[in-house]
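Student: attaching a predicted model along with its sequence, questions to come.
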Amino acid sequence: MDRRAGELALDDQRRMARCAAGRDKYANSLLTGTPDEPAKFTALQFETAVQVKLGVPVTAIANLVGNPITNHANCSPTWVDKFGNNLKKVTGVKNDGTRELHDTLVDTMSSTLGAAKIPHKGGVNGRPSSCADVFSDLLSWNQPADDKDQRRLQGIIPDLIVNGTAVRPAGKKGKGRLHGTITLVDNKTLCNLKDYEGQNPSGATNKREQKVHTDYISAAKELDKKFHGAQGGQAGPVEQRLCQYGKAGKVHATVFGTFGDASQGVSDLCDLTADALAHEHLQFYDGIPGQVKAMYAHQTRRRWGHTAMRGWAKLVIDRRCLAGGGHSAWSAPPRAVDEDPDEAGALLDFHFTNPSAGSGRV
């Protein structure tokens, strides 16, 4: 399939989807892992998510293809395409679905960090739940500040600050980029198909990830120049504080792509949580550290991958209302069911360590 996909035109969406996400563990969890309660799909969301992952036309918007997308009076003219790409890229939408997807992913990662007892700021389980004060004390707003200054400050507010200093590796794999340090983590979503065109669509999320640190440094330098008079190659207070975080002052980025693909930064964060969860598990149960870690890594990839794919599908479905057809603005949320986390964890452990269970004939 990889060979056949590679022979398609560079702008063929099936080629982009296969090359970008065909071997991605987060994207492939959609069809290999049963959704759990925190990432539960409706039937329409699951159907749409599968079609988005495979790069084929989305049936939920088939009757809207060619309709103009109307957001506000000054929006640039654009039309519904059969893949839903233009619906994903609409800006300035009331109840912004792109921001909702971003925040849901941050909260999902925070939830996993909380379960792993990894101290962090930002997200639903962060203490505090916002990282807005990381640099604000270094800026004197008594000086005149314009919109660019506000945008620069917003641009260097991370989504999470993760404290991985106490996390020990489980199994034979050594420490990753987040072990042994306190790191700024910035989450991004990627839906511009131009980033997936070319000979190597699989590198789109990693390329976007690499740009994040450069953007942070650039914003910090501009703020130092404006508020602290830093000149040339001189590092001002904002840049100096930025470089105190992470290994070699590196900002860590997590990027979730439109086909369910995820950047290396997502895997690094998953690896950190799996290590912590494995050590917690081994305090109470026997097991081989590497295998226990693999179990939790699999669980985390499934939950994060399902959350991302459900979010992209929901974004397309919810925005059908911008193209007419009498669709409501919001898809119905799945019915919530109380879940005992201990029972769910025990079930996961049993089936991971007994893969043949339930396959025998009655």
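Tutor: Yes, it's here. The shown structure was predicted, so the numbers you read here are calculated from the model rather than taken from an experiment.
Student: for the protein, name the helix or strand with the lowest mean pLDDT.
Tutor: The weakest-scoring helix or strand in the chain, judged by mean pLDDT, DSSP states H and E, is helix 341-353 (a mean of 65).
Student: quick one: secondary structure of residue 189?
Tutor: Assigned by DSSP: H, G, I helix; E, B strand; the rest coil, the conformation of residue 189 is strand.
Student: try the one 10 residues further on
Tutor: Residue 199 carries the three-state label coil when classified by three-state DSSP.
Student: contacts only, for it.
Tutor: With C-beta atoms under 8 Å, 6 or more residues apart in numbering as the criterion, the residues that contact residue 199 are residue 10. Heads up, the C-betas are built off the backbone N, CA and C, glycines and all.
Student: I'd like the distance between it and residue 16.
Tutor: 11 Å (C-beta to C-beta, to the nearest Å).
Student: same question for residue 123.
Tutor: Distance of residue 123 to residue 16, computed by C-beta to C-beta: 30 Å.
Student: what pLDDT, on average, does the longest helix seen in the chain get?
Tutor: Looking across the chain with DSSP state H, the single longest helix is helix 289-318. Averaged across helix 289-318, pLDDT comes to 95.
Student: so where do the strands sit in the stretch 1-150 of the chain?
Tutor: With DSSP state E, counting those that start in this stretch as the criterion, the stretch 1-150 of the chain has strands at 120-121.
Student: so where is it shaky, pLDDT-wise?
Tutor: For the stretch 1-150 of the chain, applying pLDDT under 70 flags the ranges 73, 140-149.
Student: can you show me the strands along the stretch 151-300 of the chain?
Tutor: Under the criterion DSSP E, counting those that start in this stretch, strands of the stretch 151-300 of the chain are mapped to 160-163, 182-190, 252-257.
Student: ok, the longest one: who's next to it in the sheet?
Tutor: It stands for strand 182-190. Sheet pairing of strand 182-190 (DSSP bridges) gives strand 160-163 (antiparallel), strand 252-257 (parallel).
Student: got the angle for it vs helix 289-318?
Tutor: Angle, strand 182-190 to helix 289-318, by axes from the mean of the first three to the mean of the last three C-alpha atoms, to 10 degrees: 40 degrees.
Student: what does strand 182-190 rub up against?
Tutor: 98, 101-102, 105-106, 109, 122, 131, 134, 158-165, 177, 204-205, 208-209, 212, 216, 242, 245-247, 250-258, 265, 269.
Student: change it to 6 Å
Tutor: Outside strand 182-190, the residues that touch it by C-beta atoms under 6 Å, 6 or more residues apart in numbering are 101-102, 105-106, 158-163, 205, 208, 212, 245-246, 251-257.
Student: check the last one too.
Tutor: The contact list for strand 252-257 (C-beta under 6 Å, 6+ apart) reads 105, 183, 185-190, 205, 208-209, 212, 262-263, 265-266, 269, 308.
Student: and the first one, by the same measure?
Tutor: Outside of strand 160-163, the residues within contact range by C-beta under 6 Å, 6+ apart are 119-123, 131, 182-185.
Student: need the residues you listed in CSV with distance to residue 11 and neighbour count, can you?
Tutor: Formatted as CSV, those follow (distance: C-beta to C-beta, whole Å; neighbours: other C-beta atoms under 10 Å):
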residue, distance to residue 11, neighbour count
119, 45, 15
120, 40, 22
121, 41, 23
122, 37, 27
123, 36, 27
131, 38, 21
182, 42, 16
183, 36, 25
184, 35, 27
185, 33, 29
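Student: farthest pair within those residues?
Tutor: 123 and 182 (15.4 Å; C-beta to C-beta).
Student: where do the helices sit along this protein?
Tutor: 2-6, 13-21, 25-32, 43-54, 85-89, 97-115, 147-155, 204-228, 237-242, 264-282, 289-318, 341-353.
Student: flag every buried residue along the first one.
Tutor: Along helix 2-6, the positions that meet the burial threshold by neighbour count (16 or more other C-beta atoms under 10 Å) are residue 5.
Student: next: the second one.
Tutor: Under the neighbour-count criterion of 16+ other C-beta under 10 Å, helix 13-21 has 13, 15-21 buried.
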